[in-house]
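**Q** Based on what follows, work out the 3D shape:
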Amino acid sequence: MDRYLSYRTGCEIGTVLIDRDESLVSALINLTPDARSVLIVDQIDAASEVSGRVGVVRDVLLKLVREAQFYGDVRCLLVCRSFDLESDPQYRALEDGKAQRIYVPRLSWENDVQPILKGAGVESERLTGSQRNLLSLPINLAIFSKAAPT
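**A** Here you go, the predicted model:
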């Protein structure tokens, strides 16, 4: 989502992402008319009210969600921080009786984080408790592991 803040319509996004002049929901329905499909939109917090960067694309996103609800065979998986979901009234309104909130828990230090750090050549025993806490969040670990010297 953060890469498409300037787009004004679902068709514009469809053209850029999948080279089809139609909304992503329409494209999913047309590509798989007899099957359930999922539209995944990551980082919707980039256009939340609390981000300070509210753009037209937020209205586009909300329209795509309503379109998916209308058709029924398209599910939307919207990804954002809990803070944005709880602070943005329009995002909160998406949590009607049909929506389900999924929390991503912190990663296990021993099972998840240490093996990745070891593979990146990072001596995990030298990290402080605060650093370990930060790296137990999936997004932080992903960014750190990409930036870590190998």
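
**Q** Give me the distance between the residue most central in space within the chain and Gln131.
**A** Against the mean C-alpha coordinate of the chain, by CA atoms, centre = their mean, the closest residue is Asp42 at 2.0 Å. Distance, Asp42 to Gln131, using CB to CB, to the nearest Å: 25 Å. Every C-beta, even on glycine, is put in place using the N, C-alpha and C of the backbone.

**Q** chain center to stretch 45-60: distance?
**A** Mean-position distance between stretch 45-60 and its chain equals 13 Å (CA atoms, centre = their mean, to the nearest Å).

**Q** Can you give me the buried ones in it?
**A** The neighbour-count check on stretch 45-60 (16 or more other CB atoms under 10 Å) flags Asp45, Ala46, Ala47, Ser48, Ser51, Val54, Gly55, Val57, Arg58, Val60 as buried.

**Q** The residue nearest to the centre of the chain contacts Cys76, correct?
**A** No - contact criterion CB atoms under 8 Å: Asp42 and Cys76 do not qualify, at 11.7 Å.

**Q** Can you tell me how far Glu125 is from Arg106?
**A** On the measure of CB to CB, Glu125 and Arg106 end up 19 Å apart.

**Q** so where do the strands sit in this structure?
**A** Taking DSSP state E as the test, the strands found in the chain are 37-41, 74-78.

**Q** and Asp96, how many neighbours?
**A** If you count neighbours by other CB atoms under 10 Å, Asp96 ends up with 8.

**Q** Would you mind measuring from it to Ser48?
**A** 18 Å.

**Q** can you count the residues close to the nearest residue to Ala148 once chain neighbours are set aside?
**A** Among residues not flanking Ala148 along the chain, Ala120 sits closest, at 4.2 Å (CB to CB, 6 or more residues apart in numbering). Using other CB under 10 Å, Ala120 has 16 neighbouring residues.

**Q** Low-confidence bits of the protein, can you list those?
**A** 53-55, 149-150 (pLDDT under 70).

**Q** Show me the helices in it, by range?
**A** 10-18, 24-31, 56-71, 82-87, 89-93, 114-119, 129-135, 138-147 (DSSP state H).

**Q** pretty sure Leu5 is touching Ala47, no?
**A** Yes - counting by CB under 8 Å, Ala47 is a contact partner of Leu5 at 6.2 Å.

**Q** I'd guessed the residue nearest to Ala148 sits against Ser145; true?
**A** Yes - A contact is recorded between Ala120 and Ser145 when judged using CB under 8 Å, the distance being 4.9 Å.
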